[in-house]
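Q: coordinates only, sequence not included:
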Ligand code: UT7
């Protein structure tokens, strides 16, 4: 028994922030941002939008493609770094917004790898027969935790949501997943204030923002992702030549190109959305997937390599027969 992606959906906020807009806020240039990251523009949520509101729209679109209603969903899991509130967890807020009751509704916080963790967990529930129709979401409102005076981060991160509906299938669907983490790297990429640590600073109104040692993160990301794709192929017993599409985390075009080289894949077989989405953390892989499904590039039966890497560090992959 496999789990299979029955539908995909995504949502991007209406407001677009271009590199030219950022040139007016911080000491940066369109040329620097494009050449170092590949980003040209990104989306920013409106003040009334939340991670759950974006997730709910993406979920509805995935459910519509899958032809399922709220009564069919029996498992909900959301990967996010930016939940609406500390509790109740964001998946329960999405659950209520969709009119779904009495199902598991879990949130996983594995930063940019959040969707990969969520997909891996949901896949196990379906394979074990403990769920029949799962909603798996990655959603982020990252622009809320950015220091808009910090040019090293504010040009990178953005908002959005992506979702898939998983159903059981006797035909191959998700062939394998891998998730892993190494907490020794916590200081390279973090939002250092929370509830049981640094809450006093938050309460006092002291400035708090995401911090990243970009070039150090870059090196570990390329290294870990390179090993991850090899491990994923070996675990599934698949040769890299069989992959039709690489659907990578959209943090930096140069990291994506390194992963493609590792797989001997031309960039024509790589879904690149970082150009217009920026880095949407846990939302990036399902957003890229839905983009390429809806524009007709990704077709039923094709083999996809999904992968992501993020704060923690955390990382994850899935080899998927779509
Ligand atoms: O999604 C989670 C995982 N995150 C990632 O995978 C991100 C990984 N890291 C990266 O993508 C890249 O390291 C960055 C895009 C963040 C930075 O690119 P880089 O080529 O590693 O640049 P750098 O950090 O080494 O900085 C080079 C220079 C520095 O100036 P000096 O010290 O050489 O004078 C920075 O101060 O670029 C400067 N710089 C900027 N200049 C113009 C940093 N940010 C900017 C900016 N505009 N926005």
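A: Arrived safely, thanks for sending. Here the structure is a predicted model, which means the values were calculated and not measured.
Q: give me every residue that touches the residue nearest the centre of the chain.
A: In the chain, the residue lying closest to the centroid (C-alpha atoms, centre = their mean) is residue 282, at 2.6 Å. Going by C-beta atoms under 8 Å, 6 or more residues apart in numbering, residue 282 touches 79-81, 110-115, 118, 138-140, 308, 310. C-beta: built from backbone N, CA, C; applies to glycine.
Q: Counting by contacts, list what the helix or strand where residue 261 lies packs against.
A: For residue 261, the element it lies in under DSSP states H and E is helix 253-262. Applying 3 or more C-beta pairs under 8 Å, 6 or more residues apart in numbering; DSSP states H and E, we find helix 253-262 packed against helix 30-37, helix 214-236, strand 245-248, helix 274-277.
Q: Report the angle between that helix and helix 30-37.
A: Computed with axes from the mean of the first three to the mean of the last three C-alpha atoms, to 10 degrees, the direction of helix 253-262 lies at 30 degrees from that of helix 30-37.
Q: Any idea how far helix 253-262 is from the middle of the chain?
A: The chain centre lies 17 Å from the centre of helix 253-262; the measure is C-alpha atoms, centre = their mean, to the nearest Å.
Q: which phi and psi does residue 14 have?
A: phi -70, psi -40 (degrees, to the nearest 10).
Q: and the nearest residue to residue 107 once chain neighbours are set aside, what pLDDT?
A: Counting by C-beta to C-beta, 6 or more residues apart in numbering, residue 107 lies nearest to residue 89, which is 4.0 Å off, once chain neighbours are set aside. You'll see residue 89 listed with a pLDDT of 98.
Q: One more: residue 204?
A: 86.
Q: Show the end-to-end separation of stretch 62-79, please.
A: 16 Å (C-alpha to C-alpha, to the nearest Å).
Q: ok, which residues in the protein are in contact with the ligand?
A: Residues of the chain lying close to the ligand (C-beta under 6 Å from any ligand atom) are 28, 32-33, 36-37, 112, 151-152, 155, 214-215, 217-218, 221, 251-252, 255, 279, 309-310.
Q: just the buried members of the residues you listed?
A: Among the residues of the chain next to the ligand, those classed as buried by 16 or more other C-beta atoms under 10 Å are 28, 33, 36-37, 112, 151, 155, 217-218, 221, 251-252, 255, 279, 309-310.
Q: Farthest-apart pair in the residues you listed, please.
A: 28 and 309 (23.9 Å; C-beta to C-beta).
Q: Give the phi and psi angles for the residue nearest to the centre of the chain, as a check.
A: Dihedral angles of residue 282 (phi, psi; degrees, to the nearest 10) stand at phi -60, psi -20.
Q: ok, so what distance separates it from residue 17?
A: Distance, residue 282 to residue 17, by C-beta to C-beta, to the nearest Å: 20 Å.
Q: How many residues are close by residue 257?
A: When neighbours are defined as other C-beta atoms under 10 Å, residue 257 has 16 of them.
Q: Which residue, other than its chain neighbours, is closest to residue 212?
A: The shortest distance from residue 212 to any residue other than its chain neighbours is 4.7 Å, reached at residue 189 (C-beta to C-beta, 6+ apart).
Q: show me the contacts for the closest residue to the ligand within the chain.
A: Nearest residue of the chain to the ligand, counting by C-beta to the nearest ligand atom: residue 214, 2.7 Å away. Neighbouring residues of residue 214 by C-beta under 8 Å, 6+ apart: residue 152.
Q: what separates it from residue 67, distance-wise?
A: For residue 214 relative to residue 67 (C-beta to C-beta), the value is 43 Å.
Q: where does the nearest residue to residue 29 once chain neighbours are set aside land on pLDDT?
A: Excluding its sequence neighbours, the residue lying closest to residue 29 (C-beta to C-beta, 6+ apart) is residue 23, at 6.2 Å. With respect to pLDDT, residue 23 scores 98.
Q: count of neighbours near residue 23?
A: A total of 16 residues lie near residue 23 under the criterion other C-beta under 10 Å.
Q: what do you get for the one 3 residues further on?
A: Taking other C-beta under 10 Å as the criterion, the count of residues near residue 26 is 15.
Q: Over to residue 179?
A: Residue 179 has 20 nearby residues by other C-beta under 10 Å.
Q: For the closest residue in space to residue 239 that isn't next to it in sequence, which residues are in contact?
A: Spatial nearest neighbour of residue 239, excluding adjacent residues (C-beta to C-beta, 6+ apart): residue 233 at 6.9 Å. Shown in contact with residue 233 (C-beta under 8 Å, 6+ apart): 239-240, 319.
Q: Do you know the pLDDT at residue 233?
A: Residue 233 is assigned 98 on the pLDDT scale.
Q: so how far is residue 181 from it?
A: Using C-beta to C-beta, residue 233 is found at 21 Å from residue 181.
Q: can you give me the end-to-end distance of stretch 137-157?
A: One end of stretch 137-157 to the other measures 18 Å (C-alpha to C-alpha).
Q: so what's residue 125 up against?
A: Residues in contact with residue 125 (C-beta under 8 Å, 6+ apart) are 75, 131, 134.
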